[in-house]
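**Student:** I'd like to go over a predicted model; first the sequence, then the structure.
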Amino acid sequence: MDPLKQKFSEKSAALRIELKALLKEYGKTKVDEVVLSQVFGGARGVKMMVWETSQLDAIEGIRFRGYSIPELRDLLPKGEDGLEPRPEGLFWLMLVGEVPTAEEVEWVSEQWRKRSVVPEHVFKVLDSLPTDAHPMMQFTIAIAAMHSESIFAKRYAEGIKKMDYWEPIYEDTMNLIACLPRVAAYIYRRTYHNGQHIAPDPTLDWAGNFAHMLGVEDKEFKSLMRLYLTIHADHEGGNASAHTTHLVGSTLSDAYLSLSAGMNALAGPLHGLANQEVIKWIFEMLEALGTNNPTKEQIADYVNKTLSEGKVIPGYGHAVLRQPDPRFTAQKRFAEEHLKESDIVNVVWKIFEVVPPILEGLGKVKNPWPNVDAHSGAILVHYGLKEYSYYTVLFGVSRALGVLAAMCWSRALGMPLERPKSVTSGWIKDFIASKS
Ligand code: CMX
């Protein structure tokens, strides 16, 4: 058994036993109460699932296995330039709860290199799609098409014990993550660069190689990709992409079909697609104002115009967070270190000064602060990755790390089919009447 799998096997077996005892003793203990506005309000705040890999605090933001993003920047082994953490390390941390050594991170890289053989039919499936098909549609189809490789699906069909489900899911997870940069880069090059593909470079790490296959060779961009693919990886379990992956996985769909479903959720404009919407909105604003260097007053007018048209300001607001998103702050820190003079980055910083008081003034927006999607586009544009319809695919490659690590845990802990209760509005009216 490989060393990561061995560690996971031991840790998950121990937790499974512990949780079994806990449930036996405290199974009837109340952990939450649900009020009517939550039933109608997208189940905000309702505690109804277990997610080992990360936890979100409304004020502090995300912690991966207890570590904040700035802490992880110090702790996780970094890329060749010594600047940003390698996502391989975050995956190790999320899966087994230990900060990996540089050797362990190199081991993950080597594993993903070896496992990154994308089946030929996946490229054929992609080539059969129109080149103007949205990259997220291409991405979800390609991931679903890799289902043919699922070890879990094969082992399940042969007959496998519930206790052993996690083991082929671990293999699927490692194989799928290994292939994602190749698939995602293939989509980018066929959509925007006339199908001129770039062969992987086996000397590079997972994120560096992805940057290389996209065709952006700048060393700083490789560094950005390490940061980007680390900070987007997980945001506890209730967000739409994570929850969808979990829900579909709970039916014992394999890792490929579950992730493909999760990516369809990420493709919505209120979730991951917001990263494309932000930069699109900024470009439209600059065009409407006729300048690349708008004043704060001009930006405020444009924000008010957007709101008066009944639209949201993309990149602002969050279902859980009530402070600026530390993932936004991490990208701002990167931009301050590398891109202080960039016009488009400066526009993002001005928007950050202008938007929160306007949203606050509406009196209904619970979080007027920027989320993860408010900054990323401007940085990508600076390095030449201007095709914003592609941005959510980058988010998706990263999100796979968290949701698949979590899926290993769900199978190892024997999590059941998810099936919450729904009621009709008639039932609710009767219930309220009976209470009064
Ligand atoms: N601009 C304008 N209005 C906003 C707003 C924004 N950025 N954020 C929230 N609101 C509005 C809501 O639309 C809602 O209005 P109605 O009552 O008229 O329907 C009201 O404020 C209350 O919403 P909320 O409780 O503050 O926010 P929700 O939890 O319902 O929604 C989110 C959260 C992210 C969908 C919302 O803030 C939004 O639409 N933001 C813009 C899209 C975006 O950036 N999404 C990316 C989020 C991060 C991610 O998942 O990747």
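**Tutor:** Nice, thanks for sending it over.

**Student:** the ligand contacts on this structure?
**Tutor:** By C-beta under 6 Å from any ligand atom, the residues of the chain that approach the ligand are 239, 270-272, 274, 312-319, 359, 364-367, 371-373. In this view, the C-beta of every residue, glycine as well, is placed from N, C-alpha and C.

**Student:** buried members of those residues into PyMOL, please.
**Tutor:** Command for PyMOL that selects the buried part of these, burial taken from 16 or more other C-beta atoms under 10 Å:
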select buried, resi 239+271+272+274+312+313+314+315+316+317+318+319+359+365+367+371+372+373
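
**Student:** what's the helix or strand hosting Ala211 packed up against?
**Tutor:** Secondary structure from DSSP states H and E places Ala211 in helix 206-214. For helix 206-214, the elements it packs on are helix 87-96, helix 102-114, helix 166-192, helix 219-231, judged by 3 or more C-beta pairs under 8 Å, 6 or more residues apart in numbering; DSSP states H and E.

**Student:** ok now whichever helix or strand comes after the last one, how far from the chain's centre?
**Tutor:** Next helix or strand after helix 219-231 toward the C-terminus (DSSP H and E): helix 240-249. Taking C-alpha atoms, centre = their mean, to the nearest Å, one finds helix 240-249 lying 12 Å from the centre of the chain it belongs to.

**Student:** ok, now stretch 307-322?
**Tutor:** On the basis of C-alpha atoms, centre = their mean, stretch 307-322 sits 19 Å off its chain's mean C-alpha point.

**Student:** what does it contact?
**Tutor:** Identification of contacts with stretch 307-322 by C-beta atoms under 8 Å, 6 or more residues apart in numbering yields 42, 44-45, 56, 58-59, 61, 238-239, 269-270, 274-275, 277-278, 280-281, 303, 306, 325, 355-356, 358-359, 362, 365-371, 373-375.

**Student:** cool, stretch 24-39 as well?
**Tutor:** The contact list for stretch 24-39 (C-beta under 8 Å, 6+ apart) reads Arg44, Gly45, Val46, Lys47, Met48, Val423, Ile428, Ile432.

**Student:** what's the pLDDT at the third one?
**Tutor:** Model confidence at Val46, expressed as pLDDT, equals 96.

**Student:** where's the residue in the chain that the ligand sits nearest to relative to Lys162, distance?
**Tutor:** Using C-beta to the nearest ligand atom, Gly317 is the residue of the chain that sits closest to the ligand, at 2.1 Å. Gly317 sits 41 Å away from Lys162, taking C-beta to C-beta, to the nearest Å as the criterion.

**Student:** same check, this time on Pro314
**Tutor:** Pro314 is 43 Å from Lys162, by C-beta to C-beta.

**Student:** what does Leu289 give?
**Tutor:** Leu289 is 60 Å from Lys162, where distance means C-beta to C-beta.

**Student:** compare those two (neighbour count), which wins?
**Tutor:** Leu289 (15 against 9; other C-beta atoms under 10 Å).

**Student:** in what helix or strand does the residue lying closest to that one once chain neighbours are set aside lie?
**Tutor:** Spatial nearest neighbour of Leu289, excluding adjacent residues (C-beta to C-beta, 6 or more residues apart in numbering): Gln298 at 5.2 Å. Gln298 is part of helix 296-308 when elements are defined by DSSP H and E.

**Student:** quick one: the strands in this protein?
**Tutor:** 54-57, 61-64 (DSSP state E).

**Student:** need the ones you listed in JSON lines (columns: mean neighbour count and mean pLDDT).
**Tutor:** Below are the strands of the chain laid out as JSON lines (neighbours: other C-beta atoms under 10 Å; pLDDT from 0 to 100):
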{"stretch": "strand 54-57", "mean neighbour count": "18", "mean pLDDT": "98"}
{"stretch": "strand 61-64", "mean neighbour count": "22", "mean pLDDT": "98"}
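
**Student:** CSV for those, including distance to Arg226?
**Tutor:** Formatted as CSV, the strands of the chain follow (distance: least, C-beta to C-beta, whole Å):
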stretch, distance to Arg226
strand 54-57, 18
strand 61-64, 15
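
**Student:** just so I know, which of the ones you listed lies nearest Gly414?
**Tutor:** Of all those, strand 54-57 sits nearest to Gly414, with 21.0 Å by C-beta to C-beta.

**Student:** what mean pLDDT does the helix holding Ala211 have?
**Tutor:** The average pLDDT within helix 206-214 is 98.

**Student:** for that helix, buried residues please.
**Tutor:** Buried residues in helix 206-214, counted by 16+ other C-beta under 10 Å: Trp206, Ala207, Gly208, Asn209, Phe210, Ala211, His212, Met213, Leu214.

**Student:** my guess is the fifth one contacts Tyr228. True?
**Tutor:** In other words, Phe210. No: applying C-beta atoms under 8 Å, one finds Phe210 not in contact with Tyr228, separated by 9.7 Å.

**Student:** so Met94 is in contact with Ala405, correct?
**Tutor:** Yes: between Met94 and Ala405 there is a contact under C-beta under 8 Å: 4.2 Å.

**Student:** so for the two, which sits in the more crowded spot?
**Tutor:** Neighbours were counted for Met94 and for Ala405 using other C-beta under 10 Å; Ala405 has more, 26 against 23.
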